[in-house]
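J.: sequence plus predicted model, see below.
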Amino acid sequence: MSQKVLSVFFYILFLLCNLVIIAQDKDVIVETIDVDKIYKLPVKEVKSLISNTFNTDKDLCLEYCTHFLKRGINQKNYTIQQYANKYLSYINYYQSKYEKALVHTNAAISAGIKIPDSLGMVDNYILRGGIQFRLSYYSAALESYIKAEEIAVAKSLKSKELICEANIGFIKAEMQRYSHALDSFESILSKLEKEDYKEAKEQFTHIYASVILSKGLCLRELGRLDEALATNQQGIALANTHNLNGIKGNFYINTGNTFYQKKEYYNALGHLNEGIKILESIESPNLSSIFLARFYSAQCFFELERYQEALDLLSKNFNVVKENDFQKTDQLDKMYELAIQIAEKRKDKDLIISLNKEYRNVLHAMSNDQLKARDAIYDRDISNLKIDNKRLENQYDQKKFITTVSIGIAIMLLLLLVIGGFMFKMKSRKNEKLFRELTQNFEEKRIEIKQKSKKQKHIKDEKVNSILEKLENLQDSSFFLSKECNLYTTAKKINTNTSYLSKTLNKYKKQSFNQYLNELRVHHVMLKLQDDIKFRSYTIEAIAREVGYKSSNTFVKVFKDKTNLNPSYYIKRLNKNPGS
């Protein structure tokens, strides 16, 4: 399945998850008021008015929020500024003005930092992550969701925690990190079975179903097709129980596509048709899902050489695009490629020419959209530059004050420098002592590890003995230096399961798997650094990659945890005194 097509499915799930945050309030009848009253009404009443108007008239809500923000700026009220910017961001998000939405979200976060409102900050970071995801800023979106999750966990906001973790999983899947995404989804499903999360599970059944659907998608992309089908059946049962017809249709579509991967085309068509039927029967159907289901069905008809039926479905999608300016996104080029392939099979020259012309127009439209997005980013940068210039002008006007402050700061810095120098000297002595102890005891530790290994061979449990022996053999093969080395792959290598391996390590080595793996890697690095002068010339990033770490920061942290020394310092001391 095309990654471009799959990304749309994860975007749909992403929206299902985030709309829980944006639209939790029920529709209410809202009385329209004169905007001048926004400046006079109590803050609580204005907030209620904006929240209710958001669900009924977004243009009016935009006007209220704009005036409410002006009030907050004039009064230097950060609570008002956060609230107004948050809803301005929501409105722009709904109107697909993502750059504007991002500007308002950042402003909401800046205001929120200045007030003790953790719950509000969680929503702000979640919203920012959603916008960044939509703009394909995946790394930035991950950072936003991780920040939101940290606050949610600290404040025991279970539902928000699950929303963050679900979206982190969606982003990992979008980045084709399916194994990591699957771990995230299974973690969420495990949490939802715990008593602590019972209320969150009941409140956010839709997210629960979305996570199951995402798990099925990841399993399919990892080639675990039977598991994917079983997961989809679990999801259909859940959707039936809670009357979630929208996501039920998506379960059928995903099941159909899984059957397509298994080359069971008639089974695939049956489930895809059922999915389309369900989605078309509900109010405000998800056009993106129907759009994709037709494409999947067309692929099945193509494989069955039923070209006219495939072409009819693709033509429906093309008409939707022409009539509604809908979904000018990456998957559309794949549809045109399939349609052109069908026309070539039928040797229909006129159709080939027509489709190629339409295809070029689509590519041109996509290119224009990308240019507009870049222009919007450029305009925002220019706006920020003007703000920075204004700030510099103000600083120039306050030059005398700054000079006085600078003198005070200089004195403080001098004191800090003296204190810092003393602390540095103390730390250097401490590091030197640690280095000597570490190098003196290194050989003893190697002997100790071997002795522990021998003792473990006298364990009566044959299964445990077998696991520990296989681990030693695997250790000798340097498998632990591979980036792919984790609990799952190690268990697979030694023909056991992750649970038994983890329990064995905990009981007999008194370590978790990660502790065991980190100890092996650090020991290997120290040994190689002592024996191999060339290895010492490697950068920290190169050394980290050499022993299986994807991030040099992770390697440095692990090395310091094990030795109390920074690896750079350790290498420097080895080079200074090779005989150490």
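T.: Cool, the structure landed. Numbers count the residues shown, from 1 in each chain.

J.: so what's the residue count around residue 339?
T.: If you count neighbours by other C-beta atoms under 10 Å, residue 339 ends up with 27. C-beta: built from backbone N, CA, C; applies to glycine.

J.: same question, residue 489
T.: Number of residues near residue 489 (other C-beta under 10 Å) recorded here: 13.

J.: and if you look at residue 361?
T.: Other residues lying near residue 361 total 12 when counted by other C-beta under 10 Å.

J.: pLDDT score for it?
T.: Listed pLDDT for residue 361 reads 77.

J.: separation between it and residue 316?
T.: Per C-beta to C-beta, to the nearest Å, residue 361 is found 18 Å from residue 316.

J.: for the helix or strand that contains residue 553, packing partners?
T.: Here residue 553, judged by DSSP states H and E, is contained in helix 552-563. For helix 552-563, the packing partners by 3 or more C-beta pairs under 8 Å, 6 or more residues apart in numbering; DSSP states H and E come out as helix 513-531, helix 540-546, helix 567-576.

J.: restricting to C-alpha, output stretch 484-502 in CSV.
T.: Output of stretch 484-502 as CSV, limited to C-alpha atoms (Å, rounded to 0.1, in the frame of the first residue of the first chain):
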residue,chain,number,x,y,z
GLU,A,484,17.6,-3.3,15.9
CYS,A,485,18.4,-4.9,19.2
ASN,A,486,15.5,-4.6,21.6
LEU,A,487,13.5,-6.8,23.9
TYR,A,488,11.3,-8.2,21.1
THR,A,489,14.1,-8.9,18.6
THR,A,490,16.4,-10.4,21.3
ALA,A,491,13.5,-12.7,22.5
LYS,A,492,12.9,-13.8,18.9
LYS,A,493,16.7,-14.5,18.4
ILE,A,494,16.8,-16.9,21.4
ASN,A,495,13.4,-18.5,20.7
THR,A,496,11.5,-17.2,23.7
ASN,A,497,8.9,-14.5,24.4
THR,A,498,9.4,-11.0,25.7
SER,A,499,7.7,-11.6,29.0
TYR,A,500,9.8,-14.7,29.9
LEU,A,501,13.0,-13.0,28.8
SER,A,502,12.2,-9.9,30.9
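
J.: ok, and what's touching it?
T.: Contact with stretch 484-502 is made by 179, 463, 467, 470, 471, 474, 479, 512, 513, 517, 548, as judged by C-beta atoms under 8 Å, 6 or more residues apart in numbering.

J.: and the fourth one, how many neighbours?
T.: Neighbouring residues of residue 470 were enumerated by other C-beta under 10 Å; the total is 16.

J.: same check on the one 4 residues further on?
T.: Here the number of neighbours of residue 474 (other C-beta under 10 Å) works out to 16.

J.: what about the stretch 251-400 of the chain, any weak spots by pLDDT?
T.: Along the stretch 251-400 of the chain, the model assigns pLDDT under 70 to residues 283-286, 324-330, 365-400.

J.: all helices of it, in order?
T.: Remark: helices assigned in the stretch 251-400 of the chain by DSSP state H, counting those that start in this stretch are 265-281, 287-303, 307-324, 331-345, 349-397, 399-456.

J.: check what pLDDT residue 18 gets.
T.: On pLDDT, residue 18 comes in at 51.

J.: contacting residues for residue 184?
T.: When contacts are counted by C-beta under 8 Å, 6+ apart, residue 184 touches 165, 166, 168, 169, 172.

J.: give me the buried positions along the helix or strand containing residue 490.
T.: Residue 490 belongs to helix 487-493 when elements are defined using DSSP H and E. Under the neighbour-count criterion of 16 or more other C-beta atoms under 10 Å, helix 487-493 has 487, 490, 491, 493 buried.

J.: thinking again about what came up before, can you redo the helices and strands packed on helix 552-563 as a markdown table with mean neighbour count and mean pLDDT?
T.: Converted to a markdown table, the helices and strands packed on helix 552-563 look like this (neighbours: other C-beta atoms under 10 Å; pLDDT from 0 to 100):
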| stretch | mean neighbour count | mean pLDDT |
| --- | --- | --- |
| helix 513-531 | 18 | 89 |
| helix 540-546 | 17 | 91 |
| helix 567-576 | 16 | 86 |
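
J.: who's in contact with stretch 354-363?
T.: For stretch 354-363, contacts defined as C-beta under 8 Å, 6+ apart pick out 318, 321, 328, 332, 333, 336, 337, 339, 340, 343.

J.: got the CA coordinates for it in CSV?
T.: The C-alpha trace of stretch 354-363 is given here as CSV (Å, rounded to 0.1, in the frame of the first residue of the first chain):
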residue,chain,number,x,y,z
SER,A,354,-7.4,13.4,-21.3
LEU,A,355,-6.2,11.8,-18.0
ASN,A,356,-2.6,13.0,-18.6
LYS,A,357,-3.9,16.6,-19.0
GLU,A,358,-6.0,16.4,-15.8
TYR,A,359,-3.0,14.8,-14.0
ARG,A,360,-0.7,17.7,-15.0
ASN,A,361,-3.4,20.2,-13.7
VAL,A,362,-3.5,18.3,-10.4
LEU,A,363,0.3,18.4,-10.0
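
J.: now do it: distance to the chain's middle.
T.: Relative to its parent chain, stretch 354-363 has a centroid offset of 34 Å by C-alpha atoms, centre = their mean, to the nearest Å.

J.: got it, and stretch 41-60?
T.: Put simply, stretch 41-60 sits 32 Å off its chain's centre (C-alpha atoms, centre = their mean).

J.: and that stretch, end to end?
T.: 17 Å (C-alpha to C-alpha, to the nearest Å).

J.: show me which positions of it end up buried.
T.: Buried residues in stretch 41-60, defined by neighbour count with 16+ other C-beta under 10 Å: 41, 46, 47, 49, 50, 51, 52, 53, 54, 58, 60.

J.: so what's the second one scoring on pLDDT?
T.: If I follow you right, that is residue 46. Confidence score, pLDDT, at residue 46: 91.

J.: mind starting the numbering at 309 from now?
T.: Yep, numbering from 309; the last one is residue 354 now.

J.: show me the contacts for it.
T.: Going by C-beta under 8 Å, 6+ apart, residue 354 touches 346, 372, 376.

J.: one more time with 10 Å
T.: Residues near residue 354 by C-beta atoms under 10 Å, 6 or more residues apart in numbering: 341, 345-348, 372-373, 375-376, 379, 388, 391-392.

J.: thinking again about what came up before, in a markdown table: the buried residues of stretch 349-368, plus secondary structure.
T.: Shown next, in a markdown table, are the buried residues of stretch 349-368 (DSSP: H, G, I helix; E, B strand; the rest coil):
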| residue | secondary structure |
| --- | --- |
| 349 | coil |
| 354 | helix |
| 355 | helix |
| 357 | helix |
| 358 | helix |
| 359 | helix |
| 360 | helix |
| 361 | helix |
| 362 | helix |
| 366 | helix |
| 368 | helix |
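
J.: farthest-separated two in these?
T.: Maximum pairwise distance among the buried residues of stretch 349-368 (C-beta to C-beta): 20.2 Å, between 349 and 366.

J.: what is the burial count for the residue nearest to residue 433 when sequence neighbours are not counted?
T.: The shortest distance from residue 433 to any non-neighbouring residue, by C-beta to C-beta, 6 or more residues apart in numbering, is to residue 456 (3.6 Å). If you count neighbours by other C-beta under 10 Å, residue 456 ends up with 27.

J.: check which helix or strand covers residue 456.
T.: Per DSSP H and E: residue 456 is located in helix 446-462.

J.: great, nothing more from me.
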